[in-house]
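Engineer: What shape does this take:
(chains A and B)
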Amino acid sequence: MTAKTTHLATYLGLLHHAEQTLTDSFVTVGHGHQAEADVYHTCESLARMSLEHEKQLAPVVARYGEQRRGEDVEEPERLHADGVAQVRAGAVGLLRDLQDLYLLATLVHSCWTVVLQGAQGARDQELIEIAQHCMGETSRQLTWLQTRIKVSAPQALLVAG
Amino acid sequence: MDRIADIWGTRTPHDRATVWPARVDSYLADGITEAQVDKWVSSACLLCSNGCGCDIAVKDGRMVGIRGRGTDVINHGRLGPKGLYGSTPFASSGDRLTRPLIREGGELVETTWDVAMGKVVEVSQRLLREKGPLSHGFYTSGQLFLEEYYTLAVIGKAGIGTPHMDGNTRLCTATAAAAMKESFGCDGQPGSYTDIDWCDALFLFGHNMPETQTVLWMRVLDRISGGQPPKIVCVDPRRTMVADAAERTGGVHLAPRPGTNQALMNGLTRELIVNGWHDRAWIDAHTLGFDDLAAIVEPYTPEHVGDICDIDPADLRRAAAVFGESERVLSTVLQGFYQSHQATAASVAVNNLHLLRGMIGKPGAGILQMNGQPTAQNNRECGADGDLPGFRNWDNEKHVQELAALWNVDPLVIPHWAPPTHAMQMMRYVEQGSISFLWISATNPAVSMPESARIRAILSGDQCFVVVQDLFLTETARLADVVLPAAGWGEKTGTFTNVTRTVHLSDKAVEPPGEARSDLDIFLLYAERMGFTDSDTAPLVRWRTPEEAFAAWQECSRGRPVDYTGLSYEQLRGPTGIAWPCNADAPDGTDRLYTDPVFPTDTDQCENYGHDLLTGGTVTRQEYQAIDPAGRAFLKGAPYQPPHEQVSADYPLLYSTGRTVYHFHTRTKTARARALQQAAPDAWVELSQHDAEALGIAEGDRVSVQSPRGRIEVQARIGRVRPGAVFAPFHYGYWDLDAAGPDGGPARDANELTMTIWDPVSKQPLFKTAACRVTKIGDATEPAPAPSTAASAPPQGRPAPATAGGEPTGARIVTTPHYPNDPSLGTDSPAPASTVAGSAR
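Structural biologist: Numbers count the residues shown, from 1 in each chain, chains lettered A, B, ... in the order given. From the prediction side, this is the model:
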């Protein structure tokens, strides 16, 4: 199969873009909330993780091609997830920023799900392994975000100034 | 004998698998003789985590000395220099707090208990009304008694209902607990000190035992000087006495670059796997996760690890061979791992090594995830820290229901939507003002927490009402709004439990000074004045005495791995401490866990469902149930990650903090003991000879040590740290300079430089990975005030100023009594199968 005959390229484009957005957003949120030491350092680690996913996509993109935005994309993105450009302040702000990261990571996760399904249909062992690995790591990102949100929520909602 | 000069005393050598001979150490002040002592009161030593049984000498209503208990399983009569010289002088120190203090017009002034507690209760009730329970935080200690922690836990978790409770145990033993939860499903030390009597190899991972647990090190030294001595392997960036012992016994000293422990551990793990030094049948029967672990460690060849850690790959191979080929291996772990980068992952990796060989639950084949403080274990058990009482799982509704039924409260009152808040997060909430009532008992965060200037600013701000309960006007107490004078060791009754689960009773020997009250009485007074009630409007806290509190705790522990129901005060006044679980099934206690080996990993047994070692993200109940551990232990791995703060041109050296043998914590007690204070009177910093020469620094020069967060000015010791590393003792604050901080003068608290950062799983602050620079600011007039008797000694061959001056102590060799866990009673089980067959071969 070639890129011309498959929508996998479209999804690789969507995925690549989503991972890039997530990487940038982890960096932004981490640096913006440096006073929360664990958020800062964990976001740095998780940004590195997403960046690594982007690198792992490279050989696959080389084979299938990649369609990003533009007229030739047959199913253009309607939901534009632009990422977290700047952080909010305070305890509730942190909560909202973590929630935004959660949404972005969910998008990445569902992209990997679709790509993994496609890879299985295409019997592409390399892509299957990459997708399984990266999906697992995206789950780890989601688990941390979920954990941190749960820990922060009561304090932010009930007592923070 | 001068036990300042001779820290470990004379040797009583013994052969492998024979009982450690008894030797009764004692010290009496002011030339008092044993015949003049009015009474001896049973207790255990509170000046390190070892838990040595002892008796307190009382004369004319005053504590005048101490004697080791020859019949106690922990110490066989011995005591260390801190226990001997430092246990009692604090009690009669002229600067004890004897009346409550309250802040008026910016100054702390003396007041009555009625006024002081009235103020505490007024603020507490107002905040509960206005902001609710999340406005309250309690930060406690590793030095109170079990009865006090449990009472505080009930007050905090069921009376107020706040998740914000932690202890300074977060700074010393949180990783020990976390590592055991990750590997075995629950806190609870697998091993026994008798494993030292049995082992063929002893691995000390980041554990400077000669200084942190001197009596335990005596036990090791007596094995080394007897027949069939164990090989010692030391992992430490300093050339400690452990490293010297490693050389003497044909073992190995690995001195990794600070921050790289996980790479080293992955290398050792890989060696066990590729050389067939693992027991595949045992692994399959009793563990989960082998394939994932093997895949994670695969890239860590000795050469790769050598590059990361800056060690010789051949040394790594030799160390792995000692682990792989010895019949019985004992490992101990302490702050070199717990307070360093990837703390939980690296400590779990030690558990992994033992699980790979089935080296657990057998004499000499054990693990000691050490504690830093004498009662840290009780804080973990009772839930005055970031745990629920009785090792219950906050994420398990059944466990929360059990507590709610026990306390007769609505389960919703007990915060369990997330893990209880850890100390560093609590300080952040205080900083932000969302915690506006903070009660600190028996600890000194102004000196002991990372980034001291930040902590001082947080505690002295107006955004939070701070209550401090202590023996003395510590640096932290100086920043408080109300200071409550507490009774100390020997002035109150209670139990505490050491690192091997061994419970001791410490009886009241003398009256506390002035109006000082026991911590239990203070918490009970607060509970009474607050009017905490249960669902039937009966008083929530129904006990008045330590023994009643102990009974309440026993009920809480019933059926849990930490079962105390078989113990009693009467029994604990007997010849020796007793290790839990102690119940109808094990009426004499339990020397060693996991002899079956069934681990408490069952879904409704475990203390938590585990974490991602990289991020601390929690595993859910559903995910855990799907794994169905059913009594099997976990093998969990993690790749090495570079530390968060790397060296740079501005900060080219790696900074690490630690203890000296003569002091405990922030010297609250030890600096008030003349011999101990003179042995290590002031702060210093240790540099390698290599770095000192490059920086033009000589022994005793005054230097500035600076990190991006702060600086100290101290004298330099040309010492035994590895090149590139710098070591500073963490004991020295400012209270004896009559201040809470440097106040514009030169700073000396090692934590001025450390980072606000913690391990993602254990939440233990990382004191051993920061970058710094060292510059000379003045010529030496005398050598650095660093002891020359331990790891702070100058390198071999260089002149060492003498460290001495302890008054004479007794050391009596007595007939070795019968101990219930005496190795020569033949309680040995067959040698681990893998050592015989090498089953993977």
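Engineer: use CA for all of it now, contacts and neighbours both
Structural biologist: Will do.
Engineer: Residue in chain B with the shortest distance to chain A?
Structural biologist: At 4.0 Å from chain A, residue B:617 is the closest residue in chain B, using C-alpha to the nearest C-alpha.
Engineer: Would you mind measuring from the residue nearest to that residue when sequence neighbours are not counted to residue B:295?
Structural biologist: Ranked by C-alpha to C-alpha, 6 or more residues apart in numbering or on different chains and with sequence neighbours excluded, the top spatial neighbour of residue B:617 is residue A:144, at 4.0 Å. When distances are taken as C-alpha to C-alpha, to the nearest Å, residue A:144 and residue B:295 turn out to be 23 Å apart.
Engineer: try residue B:746
Structural biologist: The value you get for residue B:746 to residue B:295, if C-alpha to C-alpha is used, is 51 Å.
Engineer: got the residues of chain A near chain B?
Structural biologist: A:36-38, A:41-42, A:140, A:143-148, A:150-151, A:155, A:158-161 (C-alpha under 8 Å from any C-alpha of the partner chain).
Engineer: Pull out the buried members of those residues.
Structural biologist: A:36-38, A:41-42, A:140, A:143-148, A:151, A:155, A:159-160 (16 or more other C-alpha atoms under 10 Å in any protein chain shown).
Engineer: From those, pick the one nearest residue B:657.
Structural biologist: Nearest to residue B:657, judged by C-alpha to C-alpha, of those is residue A:37 at 19.9 Å.
Engineer: and that closest one, what pLDDT?
Structural biologist: Among the per-residue scores, residue A:37 shows a pLDDT of 96.
Engineer: Quickly find the element holding residue A:152.
Structural biologist: Here residue A:152 sits within helix A:125-158, counting by DSSP states H and E.
Engineer: Sorry, wrong one. I was asking about residue B:772.
Structural biologist: Following DSSP H and E, the helix or strand that holds residue B:772 is strand B:770-778.
Engineer: Pull up the pairing partners for that strand, direction included.
Structural biologist: Paired strands of strand B:770-778, with direction, are strand B:653-658 (antiparallel), strand B:702-706 (antiparallel) (DSSP bridges).
Engineer: Residue B:604 - nearest residue in space that isn't next to it in sequence?
Structural biologist: Excluding its sequence neighbours, the residue lying closest to residue B:604 (C-alpha to C-alpha, 6+ apart) is residue B:396, at 7.3 Å.
Engineer: Isn't residue B:14 up against residue B:221?
Structural biologist: No - between residue B:14 and residue B:221 there is no contact, the gap being 9.7 Å when judged by C-alpha atoms under 8 Å.
Engineer: coming back round to it: pLDDT of the helix holding residue A:152, averaged?
Structural biologist: For helix A:125-158, mean pLDDT rounds to 96.
Engineer: Identify the residues contacting whatever residue of chain A ends up closest to chain B.
Structural biologist: Of chain A, the residue with the smallest distance to chain B, taken as C-alpha to the nearest C-alpha, is residue A:144 at 4.0 Å. Remark: with contacts taken as C-alpha atoms under 8 Å, 6 or more residues apart in numbering or on different chains, residue A:144 is in contact with B:615-618.
Engineer: Which of the residues you listed sits closest to residue B:812?
Structural biologist: residue B:616 (50.1 Å).
Engineer: Quick one: residues contacting that closest one.
Structural biologist: Contact criterion C-alpha under 8 Å, 6+ apart gives A:144, B:760-761 as the residues in contact with residue B:616.
Engineer: For residue B:627, see how far away the residue nearest to residue B:617 is.
Structural biologist: Distance of residue A:144 to residue B:627, given as C-alpha to C-alpha: 19 Å.
Engineer: The spatially closest residue to residue B:475 that is not a sequence neighbour: neighbour count?
Structural biologist: Computed as C-alpha to C-alpha, 6+ apart, the closest residue to residue B:475 that is not its neighbour in sequence is residue B:740, at 4.1 Å. By the measure other C-alpha atoms under 10 Å in any protein chain shown, the count of residues near residue B:740 is 21.
Engineer: any idea what residue B:740 is structurally, helix, strand or coil?
Structural biologist: Three-state assignment for residue B:740 (DSSP: H, G, I helix; E, B strand; the rest coil): coil.
Engineer: do the same with residue B:792
Structural biologist: At residue B:792, secondary structure determined by three-state DSSP is coil.
Engineer: That one and residue B:785 touch, don't they?
Structural biologist: No - Residue B:792 sits out of contact with residue B:785 when judged by C-alpha under 8 Å, with a separation of 9.8 Å.
Engineer: Give me the more crowded residue out of these two.
Structural biologist: residue B:792 (30 against 22).
Engineer: So residue A:47 sits against residue A:24, correct?
Structural biologist: Yes - under the criterion of C-alpha under 8 Å, residue A:47 lies in contact with residue A:24, with a separation of 7.2 Å.
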